[in-house]
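Participant: For reference, the sequence and a predicted model appear below.
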Amino acid sequence: MRKGLSLNLSSKKEEKGPSYVRAVNGVTFTLHEGEIMGFVGESGCGKSTMSRTLLRLVEPTEGKILLEGTDITALNRQDLKRYRRKMQMIFQDPFGSINPRRTTADTIRQTIRIHKLCSNRSEEDELIKKTLEEVELRPPERFWNKYPNLLSGGQLQRISIGRVIVLQPRLVIADEPISMLDVSVRIGILDLIMKMREKFDISFIYITHDLITARYICDRIAIMYLGEIVEMGPADDVMQHPLHPYTQALVAAVPNPDPTIRPSDIPIKGYIPMSSTQVITSCSFYPRCPYGTEKCREGKPKMLEVDKGYYVSCFKINNR
């Protein structure tokens, strides 16, 4: 098996005392070297919490995170700082993630100095120039001394990507990197991410609400609901032949550009009915599922492999 990222997170068992929100619970997956894996689900399903937990921006209460064989959860503060170079994040809002008081060159220079990539300013300037060319901000001199308020959202997101790529990390988490951008520049950012994957063999986790862009950029897609993965498999298979009722609803909600095709009926109704602190002992999707049975209400289905590399957590599918 190729080296990559392995994640197994689970919440602690119920104990007497304060109530806790189980934002991510029982999530297990492996991300291979050079792979782009998408995580899709509605707001509040745990996508961003999971991504921040991978980087230990949020500390897990239980479970393990393995990066190329090293357990990230066991690292002390000093060792974790060295590992930061291997694990980076592209944030959703380029207008808020870049310091408005720093120029383009200073933004990337700060990353270079924190991780001590160069020994003098001349080397820093050369690396900054090379990085700006890599993210297609050409000529570099045009953007060198510009502050964020003089740049577009797409240009700012390219700087965010450059700030990450300059470290040549092993893992990059892209948390909805195009949702704040104009439609006209989104495809350019996605193509840039794929180009960086091919050139530097970086593994990406792509967080999104948009199944169309997930299919375009991802090798595999995982569907999340209430902090759990309910379906996971190759991107084309998940989009063309969804098995879990929740995934079917998400795919049915994707608009079709052909006006002659009647929109598909969305098979689920209502909203999440339970408290965020409630311990769920049934299938988490049971209250909204059109196929729910007594078995779904009484127990939680396991994530089982129904085809090679394709996993689903659903009694209806697993028992057929």
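Facilitator: Looks like it came in fine. Numbering: from 1, shown residues only.
Participant: Could you use CA atoms for every contact and neighbour count after this?
Facilitator: Noted.
Participant: count of residues packed around the nearest residue to residue 245 once chain neighbours are set aside?
Facilitator: Take residue 245 and drop its neighbours on the chain: the residue closest to it by Cα to Cα, 6 or more residues apart in numbering is residue 289, 6.7 Å away. As a burial measure, residue 289 scores 19 neighbours (other Cα atoms under 10 Å).
Participant: Go ahead and confirm residue 289 touches residue 244.
Facilitator: No: the criterion here is Cα atoms under 8 Å, and residue 289 misses it with residue 244 at 9.7 Å.
Participant: quick one: secondary structure of the spatially most central residue of the chain?
Facilitator: Nearest residue to the geometric centre of the chain (Cα atoms, centre = their mean): residue 207, 3.1 Å. When classified by DSSP: H, G, I helix; E, B strand; the rest coil, residue 207 comes out as strand.
Participant: who's in contact with it?
Facilitator: Applying Cα atoms under 8 Å, 6 or more residues apart in numbering to residue 207 gives the contacts 38, 39, 40, 47, 48, 173, 174, 175, 176.
Participant: ok, so of those residues, who is nearest residue 200?
Facilitator: Comparing the contacts of residue 207 against residue 200 with Cα to Cα places residue 173 closest, at 14.9 Å.
Participant: Would you enumerate the residues in contact with the residue lying closest to residue 179 once chain neighbours are set aside?
Facilitator: Distances taken as Cα to Cα, 6+ apart place residue 92 nearest to residue 179, at 6.8 Å, with adjacent residues excluded. Residues near residue 92 by Cα under 8 Å, 6+ apart: 174, 175, 176, 177, 178, 179, 180.
Participant: so can I have JSON lines of those showing secondary structure?
Facilitator: Converted to JSON lines, the contacts of residue 92 look like this (three-state DSSP):
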{"residue": "174", "secondary structure": "strand"}
{"residue": "175", "secondary structure": "strand"}
{"residue": "176", "secondary structure": "coil"}
{"residue": "177", "secondary structure": "coil"}
{"residue": "178", "secondary structure": "coil"}
{"residue": "179", "secondary structure": "coil"}
{"residue": "180", "secondary structure": "coil"}
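Participant: Mind checking what helix or strand follows the helix or strand of the chain at the bottom of the mean pLDDT ranking in sequence?
Facilitator: Between all helices and strands in the chain, the lowest mean by mean pLDDT, DSSP states H and E belongs to strand 4-9, at a mean of 67. Past strand 4-9, further along toward the C-terminus, the next helix or strand under DSSP states H and E is strand 27-32.
Participant: Which strands border that following strand, and is each parallel or antiparallel?
Facilitator: Partners of strand 27-32 in the sheet, by DSSP bridges, are strand 4-9 (antiparallel).
Participant: roughly how far apart are the residue nearest to residue 245 and residue 251?
Facilitator: 15 Å (Cα to Cα, to the nearest Å).
Participant: Tell me the pLDDT of residue 278.
Facilitator: pLDDT, residue 278: 63.
Participant: What's opposite the residue nearest to the centre of the chain in the beta bridge?
Facilitator: Where residue 207 sits in a bridge, its partners, by DSSP bridges, are residue 39, residue 175.
Participant: Please report how far it lies from residue 260.
Facilitator: 32 Å.
Participant: what about the residue nearest to residue 55 when sequence neighbours are not counted, neighbour count?
Facilitator: Spatial nearest neighbour of residue 55, excluding adjacent residues (Cα to Cα, 6+ apart): residue 87 at 6.6 Å. Neighbour count of residue 87, defined by other Cα under 10 Å: 21.
Participant: Could you export the contacts of residue 92 to CSV, including columns for neighbour count, distance to residue 228 and pLDDT?
Facilitator: Shown next, in CSV, are the contacts of residue 92 (neighbours: other Cα atoms under 10 Å; distance: Cα to Cα, whole Å; pLDDT from 0 to 100):
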residue, neighbour count, distance to residue 228, pLDDT
174, 23, 19, 96
175, 22, 18, 94
176, 17, 19, 94
177, 25, 22, 95
178, 24, 24, 95
179, 14, 23, 91
180, 15, 26, 90
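Participant: Dump those into a markdown table; add distance to residue 123 as well.
Facilitator: What follows is these, written out as a markdown table (distance: Cα to Cα, whole Å):
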| residue | distance to residue 123 |
| --- | --- |
| 174 | 28 |
| 175 | 31 |
| 176 | 33 |
| 177 | 29 |
| 178 | 32 |
| 179 | 35 |
| 180 | 33 |
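Participant: biggest separation within these, which pair?
Facilitator: Across the contacts of residue 92, no pair lies farther apart than 174 and 180, at 12.8 Å, counting by Cα to Cα.
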